[in-house]
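Peer 1: predicted model follows, preceded by the sequence.
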Amino acid sequence: MNDVVIDQALTAAMRERMPLVATLEMEFISAAPEGVTARMAWAPERCTANGILHGGAIMAFADTLGGFLAFFNLPEGAAATTTIESKTNFFRAIRGGYLYAQATPLHTGRSTIVIDTELTDDAGKRVARVTQTQAVLGG
């Protein structure tokens, strides 16, 4: 996955709009209603004991992509979205490199949007899977 091309304009826009994106140094690869792809580097300040990327950082990364993707899929007349439920399964630890995420919509309804986010390491091995439900607001 070393040949990834980062969308610098999208990354800059997201960092300006959502400070957590800048704090976690997320980099966006692509974004469309069909899916959002991004990566986040391992860093010691995002770790728990023994240099393992903290589960909360992983969940925040996935939640950010899910919210962004839900926004892309808001029904006409809706103003925003917010997470109302999230489930994470962890499969392996990250001790270096990058964490990659691919978020895809499972359901895009008038009142809720359900997103599935697959998180992998540099070797493409599954690190975690997050399923979240976003409430549609103002619609």
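Peer 2: Structure's in. What do you need?
Peer 1: okay, now the unreliable bits of the protein?
Peer 2: 1-2, 139 (pLDDT under 70).
Peer 1: looking at it, which helix is longest?
Peer 2: helix 55-72 (DSSP state H).
Peer 1: packing partners for that one?
Peer 2: If you count contacts as 3 or more CB pairs under 8 Å, 6 or more residues apart in numbering; DSSP states H and E, helix 55-72 packs onto helix 19-23, strand 26-32, strand 35-41, strand 80-90, strand 98-108, strand 112-120, strand 126-137. Where you see a C-beta, it was placed from the backbone N, CA and C, and this is true even at glycine.
Peer 1: quick one: which of the ones you listed is nearest residue 3?
Peer 2: strand 26-32 (11.1 Å; CB to CB).
Peer 1: give me the buried positions along that closest one.
Peer 2: 26-29, 31 (16 or more other CB atoms under 10 Å).
Peer 1: going by distance to residue 62, which of the residues you listed wins?
Peer 2: Nearest to residue 62, judged by CB to CB, of the buried residues of strand 26-32 is residue 26 at 10.8 Å.
Peer 1: for the closest one, list each beta-bridge partner.
Peer 2: residue 40 (DSSP bridges).
Peer 1: that one reaches residue 37, doesn't it?
Peer 2: No - between residue 26 and residue 37 there is no contact, the gap being 11.1 Å when judged by CB atoms under 8 Å.
Peer 1: just to check, residue 27 is in contact with residue 37?
Peer 2: No - contact between residue 27 and residue 37 fails when scored by CB under 8 Å: they sit 10.0 Å apart.
Peer 1: no further queries at this time; thank you.
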